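A.B. asks: Pasting the sequence and the predicted coordinates here, then a few questions.
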Amino acid sequence: MGGQRSAPARTSRRKGDPQPLSTQPGHSWKYLYERLTEKRFQQLCGALLRHEDPTIRLYPVGMSDGGRDATGRGADGATGGLIYQVKWTKDRIQNPVAWLKKAVEGEAENIERLVTKGATRYVLMTCVAGTSTPDKGTMDRLDSEFATLSERFGINMQPLWQADIDGMVDAAPDAIKWSYQEMLAGHDLIRFLIHGSGVEGRAAEMRTTLLKVMKNQGAEDAKVKFSQADLDQTPLADVFVDVQAEVVAGPRAAPDLLGLSAYQDRTSGALAYLLTTSMPYTVVRGEPGQGKSTLGQYLCQVHRAEILPADDVSEISSGGYNPGEPKLPFRIDLRHYASWLEGVDPFDDDPLGERRPKRRRGAERGLEHFLAHYCHFYSGGRTVTVEQIQDLLDRYPTLLLLDGLDEVGDQGLRSHVVSEVDRLIRRLGAVHRRRTQVVVTTRPNSSSQPEPSQDVFEYVRLRPMSPTMQKEYLRKWAAVNGLPPARRRKLTKVFLGRTAEEHIAQLSANPMHLTILLYLINKRGEAVPTARTAIYSAYMDALMDREIERDQIDKDDVDRVHETTSWLGWRMQSGVETDASLGKLPLKRIRTELFAYLQEVEGPEQLLDKLFKASADRFWALTSKEGETYEFAVQPVREYFAARYLAKYAGMLSEPVLKGDLLAHLVQRSYWLNTTLFFAGFADPNEIGGLVMGLEDALEEGRHPLQVRVALWALLRDGIFAPVSRTQRKAVGLLTDDLSLCLVSPADHPDQFAMLPEGLGASEFSTALCDVIEKNRGVSRDRTLAAARLLGEIGPHHDDLNAWFESALLTADGSEEEVLLSLGAVHRRLRVSDQRADALHLTSAPSRRAALAIGAIPASGTIQEAKLLEAVISGEASDISTTSVTPGGCLLRAVRPHRFIDLAKPDGEPSFVVATAHLENIQSDQRARQQVFKRLISADSRYERVKHSSLFRRGQQGSTAPWQDTAREIAAIHGPCWLATEIALIGVVNGFVRTGGSFDPAKPALGPGMDYGVFVQTLRKGQDESWWRDQSTAMDDAHSKLAWVAGLLVSAGAETITALLPVLETFIDSFTADEHWNLLQGLSRISASGLSPHTRPGSLRTAAALPSGLLLQTANTRLRAALALFVVELGTEDRIETLDIAALVQLTQFGAASWPAHRALTARLVHDQTYESLQAVRDCGRDAVVVLPDKKPTGFPAQHMETILAEPLAYPSALVEAAERWHSRGHVETPLTQVGVSEGWLPNV
């Protein structure tokens, strides 16, 4: 599964607030000891010890015990030779090694006394989790500390971490576990609920209810829910195929959850992933018919099969899948919840009846209230209270499968549903409720509709079925349909032949379309259409023919059956746009409305019963699932008939309507996107040009910029314009304006802009973008680069483009070369030949960075190779991802500073804790580490020492050795340089390790002959003003001054820095622009990492947070830019009120290192909303990484949004996306039925 690109924003937390123990790195979540008290945990440990050894003596809790919570026989059999001490906490411990060491040292007097009395072994039992990283992890580090303590006290000492206690509990009998049931989690807690709940009243009350709910909904979910395909009696397990998925985005404001996301399996199927992931909250996006609901059904079934007693699972099959941790599953249709919010009972056969629904308000809207009603229904009417539901969610592992957010068509109602989902998550708790899994399924969000908070939800996208999966499904489909071997072989042969065609291959990657294709191939052989709408039409015709043969439908009534079924599809689909309950209707209401329709269109009213019977038979279109209530079995079938009605019957009574005009209405409404695709498929070739005109009108109107572009992209992928090449070129041309270049991104938004097939617009789009690049290369740099980025994302490698790129480089001077190389860098697929690389000028830092980004490989010994190496050791290329195998490229991938930031962070923490433009994902570096070092060592054996120094070696765990030793070895080859200095500085600020490593005491800490070991050790001790001032007098070369400035800023206190401001100004003014840039980028990475003692108070004793007033004590912009990195508060939206807007704008010119100013100006725009703030954010530029709220800030001017959207390439891309989102949500469209009736092309029924 794929990863995410943007950095998370850390959630704000009041200083001093303790985090729960469950957030401790290494926490197993097997047992929640923090739910016990200190006394209860000691009693648990005693019970576990007595279970293992009945001779263990336990001492009363809460009394003075002389350092003994329990004692046992020593190795020599002497009583009291073995001492047990218990240490419990409910909070996360920042430094477990120091905390546990301090606990032992606090018992020093007792331990010494016990040793004199014959104690030979001391065991410390703790609920705190340890980490197992070799040498670096807390377990190995504490072993080292305990070895020292053992020598000191003369007794063998051993810790028992949480993992050790877990193992003891695993082996303990249920009698012990259930005596401490409040600590139970996962399967053990569910076992207690199902089998041991007689022990406790609260569990016993819910046991029967839950068993009935799971059995009843399990029976409902056991079969395939696609009656038209003759599969509605087929066990789901017999045809289920686990499609693959990819992570679109991790939770952006929950670093603890992001750490979990980083370690998930990225190659498994969606079901396997959801069964094993430790991510608690997931949104699953999938195209219509891609199997989202089926996935939800089966996910719940697997959990039910694991939990229910054996005699209750006759209809429930897990198909061989096993959950990593069983959970109590609840599958909820969000359209039912939406109806319930509006006062309609979704479980009633006639939910409205004669009553007028009363909308629910206040706390009664909560999901827990609906869950109580849901359990009441599925348990057969048992009384269930919201208090019981909340207790259930609080105590037991639970799966809430919230299915079909996209089926809530009304935007206001959808917003309410999403808000209640987010409120539920807040009530559950963002971290310590990981045992509750919430999965929301929905279609891709084509117009920024409300969705669950991206702060805590991971977003996952279902991928198209691979050819292998399609063949697997074909085999299962053939088996359940009883096809004999000969017909199976023929089916397979025809299927493989037809899927060689590009469009058929694309359609067959969707499970529902594949089911229809297989049905048609089995019936018709080669005579299968190639387009979505045509395939559905052929499928419905085949079903109609079957019903005529069975005398279920009279052949004279076929046209009327099509019309009435299409109208019912339209009626239900349009009804759900405003009322989620109208997706299914009671028979009485359908008869009434169908009679009214036939009166309006002057149809045969006397045939009403006959027509309805034909339309409602389960083998045709409608199905009855609940008594006298009817609905379409699956949503795409309903959408097909709604589209058919619009295409064939709209405007037939009075006002004719063009398909292009109807399309303009449809594409403005995200709810109608899939209907739009069916509708456009009904257009004849001479109507396709009109469709493009309708799209032009919608784009020009500009009410929903993203939604219209997503619809246009989907129409291209569906091959709507392919029959007329000129029209297809015109359609793709609509996507080359500035706003499209900003919003369209298959790489960043694959769920909205899936890859275009070559024959369905990709080729024409590539040509159009090449024209944009050629026309704008010397006119608009932003437009050229935006077009190059999109060109690199949409299509295959183009030889013509690469030839043009090489040719242009051949005649380019230095400045033009920089533009061309930058174009190649954002394109990502353009490459420069080795011969051309030898002739590059590389006269500027941007050109050198771009050359590395495109993987340039100049010949060995050339000046170009030397320039790329210098770009790396000077630090100017540290944020560049490269595949270059030059010495510079290899060195960058081997010892990039980011690796040493990660090495300094606790396991699972992200590299950066604020959103910046710094490179974040260095996994490719890690994978290539051995290979690049092999290349470096083959060229210079001294790199062998660099390789070994960058790891913790024996005796160095928990020390600064990897940082200072690596810097020393780099300097031994290249001399003191910024690359080595930045690595050493990370060691200086690392508050999680002790000072230690190699050094040469004969060398100075600073200056041309500096030793990085001395540098690290000296700065970590803390130096006063006089030391820094004395050192400054000896700093003559540029690098020495860089190291002096950086060392002072990261390690000295505010008073020292204030006193030395004049020296700082002098040094910073002496730097070249490139030197100053490199300095800022390195300091920025350290600050954004959260390691700096100024932004992470308490991590280093020698420094504290810098006051914001420091910025006013210098007018030097270069110096202010550096100071701002250590004045800013990471945990808040720091607006840096000390500086005015003009001063902040001056700080936006330093690339990724400008993030403090970018954040401050964005925060001011959101809160102040002035035109001055808007222009200031514009000065940040398109590449600035900023974070905007999902919802429009109250009072944010519409004029601001229009200004941003009118000039999108001038503003940060995140602001453009936010402005589009706010602008689009501000335009609430009139329901399509009302539009059609008012304009006269729909009957007023």
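C.D. replies: Now that the structure is in, tell me what you want to look at. Numbering: from 1, shown residues only.

A.B. asks: What segments of the protein are strands?
C.D. replies: Ranges of strands in the chain, per DSSP state E, are 57-58, 70-72, 82-87, 121-126, 156-160, 245-249, 281-285, 328-333, 398-403, 436-442, 458-462, 584-586, 622-626, 629-632.

A.B. asks: Show me how the record splits the protein into domains.
C.D. replies: Following automatic domain parsing, the chain resolves into domains at 30-184, 209-224+235-464, 468-531, 552-648, 650-796, 808-863.

A.B. asks: so what pLDDT did residue 830 get?
C.D. replies: pLDDT, residue 830: 88.

A.B. asks: distance of it from residue 788?
C.D. replies: Counting by CB to CB, to the nearest Å, the gap from residue 830 to residue 788 is 8 Å. No exception for glycine: its C-beta is placed from N, CA and C like everyone else's.

A.B. asks: now do residue 916
C.D. replies: Relative to residue 788, residue 916 is positioned 23 Å away (CB to CB).

A.B. asks: quick one: residue 31 and residue 187 touch, right?
C.D. replies: No: using CB atoms under 8 Å, residue 31 makes no contact with residue 187, being 11.4 Å away.

A.B. asks: follow-up on the earlier one: wait, which of the strands of the chain is closest to residue 877?
C.D. replies: Of all the strands of the chain, the one in closest proximity to residue 877, counting by CB to CB, is strand 245-249 (27.4 Å).

A.B. asks: quick one: the closest one to strand 458-462, angle?
C.D. replies: In terms of direction (axes from the mean of the first three to the mean of the last three CA atoms, to 10 degrees), strand 245-249 departs from strand 458-462 by 140 degrees.

A.B. asks: so what does strand 245-249 touch, helix or strand wise?
C.D. replies: When contacts are defined as 3 or more CB pairs under 8 Å, 6 or more residues apart in numbering; DSSP states H and E, strand 245-249 sits against strand 458-462.

A.B. asks: List the strands paired with the strand it packs on, with their directions.
C.D. replies: strand 245-249 (antiparallel), strand 281-285 (parallel) (DSSP bridges).

A.B. asks: who touches that strand?
C.D. replies: Here strand 458-462 makes contact (CB atoms under 8 Å, 6 or more residues apart in numbering) with 1, 243-251, 257, 261, 270, 273, 279, 281-287, 290-292, 295, 444, 750-751.

A.B. asks: Could you do stretch 800-817 as well?
C.D. replies: So stretch 800-817 is contacted by 766, 770, 791, 819-821, 823-824, 830-833, 836, 839-844, 847 (CB under 8 Å, 6+ apart).

A.B. asks: Buried by neighbour count, from those: which ones?
C.D. replies: Neighbour counting over the contacts of stretch 800-817 (16 or more other CB atoms under 10 Å) leaves 766, 770, 791, 819-821, 823-824, 830-832, 836, 840-842, 847 as the buried ones.

A.B. asks: any idea how far the closest residue to residue 850 other than its chain neighbours is from residue 1008?
C.D. replies: Spatially, and ignoring its direct neighbours in sequence, residue 850 is nearest to residue 821 (3.6 Å; CB to CB, 6 or more residues apart in numbering). According to CB to CB, residue 821 stands 33 Å off from residue 1008.

A.B. asks: Can you show me the helices along the stretch 201-350 of the chain?
C.D. replies: For the stretch 201-350 of the chain, applying DSSP state H, counting those that start in this stretch gives helices covering 201-221, 236-239, 255-262, 270-276, 292-307, 334-341.

A.B. asks: Let me know which of the ones you listed is the nearest to residue 566.
C.D. replies: helix 334-341 (21.8 Å).

A.B. asks: Next up, the contacts around residue 768.
C.D. replies: 729, 732, 733, 735, 736.

A.B. asks: Quickly note the distance from the closest residue to residue 1108 other than its chain neighbours to residue 1147.
C.D. replies: Computed as CB to CB, 6+ apart, the closest residue to residue 1108 that is not its neighbour in sequence is residue 1138, at 4.4 Å. As judged by CB to CB, residue 1138 and residue 1147 stand 12 Å apart.
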